[in-house]
Structures are given as structure tokens and as C-alpha cells.
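# one predicted model, sequence on top.
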Amino acid sequence: MRGRAQGLYPPRRWSRVFEVIDRDGLARLGLLETRHGVVQTPTLMPVVNPNKILIPPADMAEKFGAEIVITNAYILYQTAKKEGKSFEDLTVHDVLEYEGPIMTDSGAFQQHVYGDVEVTNREIVEFQALLGSDLATMLDVFSEPEHSRPRAAADVDETLRRAAEAVQVKEEMSSVEAGFALVGAVQGGLHPEERTRCAQELSKLDVDVAAIGGVVPLMEQYRFRDLVRVIAASKQGLSPALPVHLFGAGHPMTFALAVLLGCDLFDSASYAKYARAGRMMFIDGTRHVSELAYVNCECPVCTDHDLAELKGDEKAIAEHNLFVSFAEIGRVQQAIRAGELWELVERRCRAHPALLDGLKEIRRYAQWLERFEPASRHTALFYTGPETMYRPILARFRSRLQERYSPPRTRTLVMFPEGGKPYMARRAKEIAQVEAVCNAHFLVKSAFGPVPIELDEMYPHSQSLVPDQLDLEVMEASEVFARHYLAGAGYEFGILWEGDATLAELEKRREAPEPIDWNLQRVRATAEMQFGRGAADALLAGDVELVRSKNTGRIRNVIAGGRHVLSMRAHDGMFTLRLEGAKLLHRAFRGPALRVVVDPETAEFNRAGKNVFAKFVVDADPELRPGDEILVVDPEDRLVAVGQAFLNREEMLAFKRGLAAKVREGLPA
């Protein structure tokens, strides 16, 4: 078993302040720890101008549920310098009259707007530390979208130099300013290689939060396709353990998309800037109050004011903007918890053509996103448009058909069009008619790609909802997916089901019946898809008994050789691995397959049924995905327990805090 103990992996890099408590792909519900309280992410940090406080931060917390705010340390620095003040005895919490967590910005955006700032990186980081900032930001070099790659590379080099300097300041002041957390920046303009390089190098430094900078011009110009590229390139280089702040992303129409790509923190000055201009924010865009003829918002401001009262009331409009923004954050959080974020993102991105361009750009990153995609969800997969076809969960199913699945018969294939679910039950009559003539395999040409009949209950196909009338793009893509699968499946002859005409054609291939137990074949095929080729032979040795539900007739438990090896879950048609089954897979598959390797000093706790925490993970199978069934082993590859992964390998090796895998059964020594 290869692992960090042999020095084959880079040193673990983590944030000391962040822990994931729930997730949906790259999106996560996290806890961000500060010395003034714990913040649940994803969250919005309203920007507070210390020279003009429109809505006091205390009111933001009480009225809107804000858990953290952000203010500009550079403005405070200029004020102190101009008035000859010292902040050694006055904190940013005193200035804002707020006891909750406060993040401070460094002046990089002012540098973008005005071309320069009158402070050095070291000076502004030291100043933020003296202010008592909970999250202090380095002064990075803002890369403009039009910068060439050489220019952007130079900006990255300087940003990384300053990040290292900021880390040094943090270390120098740590004994005096306990709890000082550092925000490092990712720059690189529109050049993915530079973004990823900056992110990788930043992850090697002792920073606590990573901020993706230089994106405000993209959002102002509705360049959401470029925004997706920038976030994806940055996230692919960042340690998964770092919480990610998307600087300047303050409009609610972008929250769901950015969270889907792994962003955790947002800041908004827009709520106040738009209010000054009389503009009201909505989840699908921004409208001037004078353009509205009817009240179309349920927030307290809009229910307590008529449109005439709103006109010219800057504070009321700002409050509306905050209500709308925090409500959207709440929807995103709920979508993560429910496993419905993809549906929310697809609906949001249809609000504007530029957002739809951004959603379509995500297709380019399906292979990367799939590594973080859960094995299944407890909710149905809803079709919202052609973009649904390219979700990572569907791409995974199609790829595993190629890599793991083998049809039980390859001489004749009968393909059914999409129909009622589950497919096997709905097509039972037709299957019986065909099998009376010849020995065939059956496949459904679903909207999302081909589905072997015995996998019709496996997530996501049985749990998907699609309209009867499909878009032309979907029908064309479905045909491409089917042809791609059939090209390598090895069938000698295939025919599309058309009733009696199909039966007449199959009569030409009449043969003696060789019955298949389709329930047993369902177990075999699901095991291969879920655990890998060879799993069915390992798990189903000896006499096999299938225990079925008295109410539904569906398989519930699998007994092989007198041992309970598998239980089939009702919500996703996949298996829960029992300890006896884990023993069989452990013997059949060599490491690192299916394994999470734990520190030998904590293995005994896992044997006793305790969960696996990330800080004690030594190594893991790179093919594991969140929600996969796992074998917990010690460094000598002795089976310790069986359970379910919460993180993938990259995340397990990156985090020091939080859950890595849930243990279902321990194996006593």
C-alpha cells in the first residue's frame, strides 16, 4: 500500500479554520472558525464602508442573518494616516460597533480602480493584524482581463511573493495577535495555466482562506463563461481544505453557479451601490425602481412599502437588496443539503443568456467535477433542459458502462425506447415475448444514454424525471451516447423494438431458450458497476439467496454462501456493503482498490465502530467518490471496518479537520 508514510505524497496542507459538514459535489456546507464566532458557509459578507455606514453591521446580523461582514482596511489605513491616529488601542470591531466576525480587505480593488495604493503589502497586513481583523487579506496584484499571459505571469509571481511575505507577518505577529487568519489571493487573469499555478503555489503556504481575485470586470460585463473558466482553473489548483472566497461576487444571480464550482464566501458592496442608483436586485437581474409598476417581491421591505415610498429611499432599497441576497444564500444552502443544487443552478442560469453560456462552459470540466460528485442522491434527478444531459453523475454512469459492465448475452440485443419506469417491470410482457423466440439482452435508449435492463433501478436513471417531449439536442446526444456504447459492447445483432415486426424479424434467429434469472443478473451487474469488474464473482460465490420485499418485490438483501454480504438500498438501487461482503472484496481486490488507509494508532477506534476522521487518513483509493462503500484498512492492509466515504481521496489527504468516512461495522481484532 502506497502512502504518505513512504514520502510518496506531498506534505498535507490544510486550513486550521474550516470543516465540511455536508456537501453536494464541490459545493459544501462548512464551518469557518474565527475568534469572534463560527460562520456557516456558503455565506455572504456585506461590505461595510467605515466612512459611510448605511446599515449598521449589528442590524445586518439581527435583521438579515449576516454572520460575518467585510470592511476595507485600506480606507481605515488612509484615515488613520491622514488624522494621525493609532489603532493599537482601537479595533475594527470598535469602529464598526460589531462583535461578530469581520474580514478586512487590503486595497487591491482600489489598486485596480486607481492604478496604485499608498501602502505596501507588509504594512497593510500588519495594520489588519493590529486592527484585530478575524480574516486579514494580503495585498495582491490585480490582473486585468486584457493582460497578456507574460503580464499575468508576472502578476502571479509578485502575488506569490507577497503571499509568502504575508505568511511571514502572520508568523511574526502570531504571539501578539492570537487568532489572526490570513486570506491569500489567486490571480492570473484569464489564463488558466497561471490561475492554476498561482493556486497550487498558494496552497503550499500557510494561508487559511483562498480568495479568487480579479473577477469584478468579468461580472460587470456579464462574462460568465470566462468567470467559470477562472473559478475552475483556480479550484483545480487549490487545496480542497481551503475555503474559497470569490472576491466581488455580490449579485444573487451568481451565487448558485459559483457555489456549484466550489466557492464558499462572497462579498457584496452591490447592495449599497445599486441602492444609491435606485436599483433593486433580484435573483434574475437588476431593475431600477422607476421601471416597476407592481410590487413583485415578498421581502419585508417590499411588503411594508409601496413603490412610491421606495423611490428615493436608499436605505430601504439597500435592505431589499440584502433580503434578496441572503434569501438566495439560504436557497443555495438548502439545495446543498437536499442534493438539488444542479437543478437550482440550471434554473438560475436560464435567467440570462450570459449565465446560460457559463452553464454550458461547465461541460468542459465534467471529468474534474465527477471526482467530487456523490455516488447517488436521495432526490430525483430533474431534467431542466439539454444541459442536464452533461451532469457528472450521468457521465459517470456512461463511462462505467464502458469500463465495468459486461452484458450477459451478446448475440442479440433488443433496444426499447424510453418509457415508464422501472423499465424491466414495464417491459415484462415484451421481454417474455422475445425470450420465447430467442435469447436476447435488453437495453433502453433513455434520454440520458443507454440503460441495460438489469440496471434500470440503479441511480440515476430510475430516479430521473424527463418530459415526454425532448429537445432535439437531447435526442441527438442520446443517439450518440447509444452508438458509442454499442460500438464496444460486442453484440452480434441489434434491433429496435417495434412490436410484432420486431418479433417477426427475431423469428429468423430462433434458438433453444437459455433462461436468465434477471434478479440475480441485477445483483451481478449492480455489483460490477458499483465496486468494479470482478466484484460479482467475489461476492456471489456459493449458493445465492435473494431476500425480497413483501410489499414491492424488490431485492433487499443478498445472502451468499450463508453470509449476508449486501443490502440493496431502496432510494438509489445501489448496495450497502455488509462486513461479510467487505471481507470478500478485501480478499478479491488488491490495494488501493476500495480502501481508506488509516493511522494504526486510530485503527482500533474504527474497529469499535467509530468514524474515520480526515487527519488520520494515510491514503485512499483515487477512484473513491463521496458516498462510495469503502474498506477501512490499516497500513498493513488488515481490514478494520466497512463504511461509506464522505470525502474523496484528494479531500481526505488535504483536510485535518472533520469527517472522512462513516463507519457502519467494525471488525474486532
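Received the coordinates, thanks.

# Ser446 contacts His461, correct?
Yes - contact criterion C-beta atoms under 8 Å: Ser446 and His461 qualify, at 6.0 Å. All C-beta spots, glycine's among them, are computed from the backbone N, C-alpha and C.

# how does this structure divide into domains?
35-370, 385-507, 531-666 (automatic domain parsing).

# moving C-terminal from the lowest-mean-pLDDT helix or strand in the chain, which element do we reach first?
Ranked by mean pLDDT, DSSP states H and E, the helix or strand of the chain with the weakest confidence is helix 108-114, at a mean of 66. Downstream of helix 108-114, the first helix or strand assigned by DSSP states H and E is helix 121-131.

# which is the next helix or strand following that following helix?
Assigned by DSSP H and E, the successor of helix 121-131 is strand 135-137.

# give me the contacts around that following strand.
34, 73, 101-106, 108, 125, 128-129, 180-183, 185, 208-209, 211 (C-beta atoms under 8 Å, 6 or more residues apart in numbering).

# low-confidence stretches in this protein?
Applying pLDDT under 70 to the chain flags the ranges 1-16, 86-89, 110-116, 175-179.

# please report phi then psi for Gly312.
phi 80, psi 0 (degrees, to the nearest 10).

# chain neighbours aside, what residue packs nearest to it?
Gly278 (7.4 Å; C-beta to C-beta, 6 or more residues apart in numbering).

# also Asn321?
Tyr271 (3.7 Å).

# what's the helix or strand for that neighbour?
helix 270-276.

# contacts for the next helix or strand after that helix?
Next helix or strand after helix 270-276 toward the C-terminus (DSSP H and E): strand 279-282. Contact with strand 279-282 is made by 251-253, 270-271, 274, 286-289, 292, 297, 310, 317, 320-321, 324-325, as judged by C-beta under 8 Å, 6+ apart.

# how about stretch 555-573?
By C-beta under 8 Å, 6+ apart, stretch 555-573 touches 375-378, 457-459, 462-463, 519, 522-523, 526-527, 539-549, 552, 554, 574-578, 580-581, 584.

# can you rerun that using 6 Å?
376, 378, 457-459, 462, 523, 539-542, 544-549, 575-576, 578, 580-581 (C-beta atoms under 6 Å, 6 or more residues apart in numbering).

# same question for stretch 531-542.
In contact with stretch 531-542 (C-beta under 6 Å, 6+ apart) are residues Arg404, Arg524, Ala527, Glu528, Ala560, Gly561, Val565, Gly581, Leu584, Leu585, Ala588.

# can you tell me the closest non-neighbouring residue to the last one?
This means Ala588. Ala588 sits nearest to Ala538 (C-beta to C-beta, 6+ apart), 3.5 Å away.

# just the CA atoms of the strand or helix carrying that neighbour, as PDB, please.
Counting by DSSP H and E, the element that carries Ala538 is helix 535-539. C-alpha atoms of helix 535-539 as PDB (Å, rounded to 0.1, in the frame of the first residue of the first chain):
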ATOM      1  CA  ALA A 535     -16.900  -7.800  -7.700                       C
ATOM      2  CA  ALA A 536     -19.800 -10.100  -8.600                       C
ATOM      3  CA  ASP A 537     -17.700 -13.200  -8.700                       C
ATOM      4  CA  ALA A 538     -16.100 -12.300  -5.400                       C
ATOM      5  CA  LEU A 539     -19.400 -11.500  -3.600                       C
END
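
# pull whichever helix or strand comes after it out as CSV, backbone CA atoms only.
For helix 535-539, the succeeding helix or strand toward the C-terminus, using DSSP H and E, is strand 544-548. Presented in CSV, the C-alpha positions along strand 544-548 are these (Å, rounded to 0.1, in the frame of the first residue of the first chain):
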residue,chain,number,x,y,z
VAL,A,544,-27.1,-17.2,-3.5
GLU,A,545,-30.4,-16.3,-1.8
LEU,A,546,-32.1,-13.0,-2.7
VAL,A,547,-34.4,-11.7,0.1
ARG,A,548,-37.1,-9.6,-1.5
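
# for Thr388, see how far away Val345 is.
11 Å (C-beta to C-beta, to the nearest Å).

# quick one: which of these two has more around it?
Per other C-beta atoms under 10 Å, whichever of Val345 and Thr388 has more neighbours is Val345, with 26 against 20.

# check the contact between Val451 and His461; I expect there is one.
Yes - shown here, Val451 and His461 form a contact pair, counting by C-beta atoms under 6 Å, at 5.0 Å.

# enumerate every residue touching Cys263.
Here Cys263 is in contact with Val244, Leu246 (C-beta under 6 Å, 6+ apart).

# need the distance between the two termini of stretch 56-70.
Counting by C-alpha to C-alpha, to the nearest Å, you get 12 Å between the two ends of stretch 56-70.

# ok, and what's touching that stretch?
39, 43, 45-48, 96, 98, 100-103, 267, 322, 326.

# biggest separation within these, which pair?
Comparing every pair within those by C-beta to C-beta identifies Leu96 and Phe326 as the most remote, at 18.6 Å.

# which one of the two is surrounded by more residues?
Phe326 (22 against 19).

# what sits closest to the more buried one if chain neighbours are left out?
Phe64 (4.8 Å).

# from Gly37, how far off is the one you found?
From Phe64 to Gly37 the distance is 16 Å (C-beta to C-beta).

# next: Leu131.
17 Å.

# compare these two (neighbour count), which wins?
Leu131 (24 against 13).

# for the more buried one, which non-adjacent residue is closest in space?
Val92 is the one closest to Leu131 (C-beta to C-beta, 6+ apart), at 4.3 Å.

# test my guess that Leu44 contacts Phe266.
Yes - counting by C-beta under 6 Å, Phe266 is a contact partner of Leu44 at 5.0 Å.
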